[in-house]
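**Student:** this one's sequence-less:
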């Protein structure tokens, strides 16, 4: 495996784009720096960039090379230094180190897939809570509160907070902390939403949490305190 292969397997192209001055939105799109772009036409997928307006495309080495006006080998050296990859450009990398880097990249890709799935799951649940809050709101003073209305009332703001602070504004460390502390919650929500879609049933169970989902409020509370400090 060459230094080129190791760099491409070790450096996330979106992270590199942001490091070198490109603002990438949550849909992994950005204004193309290679032409006068007014609508995001630069897309990142599968370790490559593609501009659907000017046709620019390539991998992370090509991207940094074009941004910094570097030849391919110079771009490899630049990324090697920027990301502290410790690649000896003039010597072959030991197979054990190659395997370690490959596992690390596979883990990054798996986490990116989980991040997309979790964000979609929570967004779907948030929309469902918003619908329940409207559909099951009490129609007159003193009316008994529907369990789904109570669930929406108590969970909607929390889910919105998670979406904003973790999935939109959060950095990698915050997303990793959320994965560690809250992945079971997301799995429970996904199961709940799947049952809702399959059975189209409303008002299952009683109480303010008829789904049985455990919400780790400590996660949000701790990070809210950190930001407020």
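**Tutor:** Nice, thanks for sending it over. Just so it is clear, the model here is predicted, and its values are computed rather than measured.
**Student:** in three-state terms, label residue 44 for me.
**Tutor:** Three-state call for residue 44 (DSSP: H, G, I helix; E, B strand; the rest coil): strand.
**Student:** hang on, isn't it packed against residue 12?
**Tutor:** No - Residue 44 lies out of contact with residue 12 (C-beta atoms under 8 Å); the separation is 9.2 Å. C-beta here means a position set from N, CA and C on the backbone, and glycine is covered the same way.
**Student:** counting neighbours, go ahead and name the busier of those two.
**Tutor:** Taking neighbours as other C-beta atoms under 10 Å, residue 44 and residue 12 compare with residue 44 leading, 21 against 18.
**Student:** so what sits opposite that one in the bridge?
**Tutor:** Beta bridges link residue 44 to residue 49 when assigned by DSSP bridges.
**Student:** pLDDT value on it, please?
**Tutor:** Turning to residue 44, the model gives it a pLDDT of 95.
**Student:** before we move on, what about residue 100?
**Tutor:** The model's pLDDT for residue 100 equals 75.
**Student:** domain parsing for this structure?
**Tutor:** Under automatic domain parsing, the residue ranges defining each domain of the chain are 3-92, 98-228.
**Student:** flag whichever of these has the least confidence on average.
**Tutor:** Lowest mean pLDDT within those: domain 98-228, a mean of 80.
**Student:** quick one: that one to chain centroid distance?
**Tutor:** Here domain 98-228 is found 14 Å from its chain centre; the criterion is C-alpha atoms, centre = their mean, to the nearest Å.
**Student:** cool, and stretch 39-57?
**Tutor:** Centre-to-centre, stretch 39-57 and its host chain are 19 Å apart (C-alpha atoms, centre = their mean).
**Student:** now do that stretch: distance from first to last residue.
**Tutor:** Terminal residues of stretch 39-57 are spaced 17 Å apart (C-alpha to C-alpha, to the nearest Å).
**Student:** now stretch 158-170
**Tutor:** Stretch 158-170 stretches 15 Å from its first residue to its last (C-alpha to C-alpha).
**Student:** before we move on, what about stretch 127-141?
**Tutor:** Using C-alpha to C-alpha, the span of stretch 127-141 from its first residue to its last is 26 Å.
**Student:** just the helices in the protein please.
**Tutor:** Secondary structure of the chain (DSSP state H): helices at 3-10, 13-19, 60-68, 72-82, 95-135, 147-162, 172-199, 217-228.
**Student:** format these as CSV; extra columns: distance to residue 48 and mean neighbour count.
**Tutor:** Putting these into CSV (distance: least, C-beta to C-beta, whole Å; neighbours: other C-beta atoms under 10 Å) gives the following:
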stretch, distance to residue 48, mean neighbour count
helix 3-10, 10, 19
helix 13-19, 7, 18
helix 60-68, 8, 20
helix 72-82, 15, 18
helix 95-135, 14, 15
helix 147-162, 30, 19
helix 172-199, 21, 15
helix 217-228, 34, 12
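**Student:** can I get the ones you listed in JSON lines with distance to residue 54?
**Tutor:** Below are the helices of the chain laid out as JSON lines (distance: least, C-beta to C-beta, whole Å):
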{"stretch": "helix 3-10", "distance to residue 54": "22"}
{"stretch": "helix 13-19", "distance to residue 54": "16"}
{"stretch": "helix 60-68", "distance to residue 54": "11"}
{"stretch": "helix 72-82", "distance to residue 54": "20"}
{"stretch": "helix 95-135", "distance to residue 54": "26"}
{"stretch": "helix 147-162", "distance to residue 54": "37"}
{"stretch": "helix 172-199", "distance to residue 54": "30"}
{"stretch": "helix 217-228", "distance to residue 54": "39"}
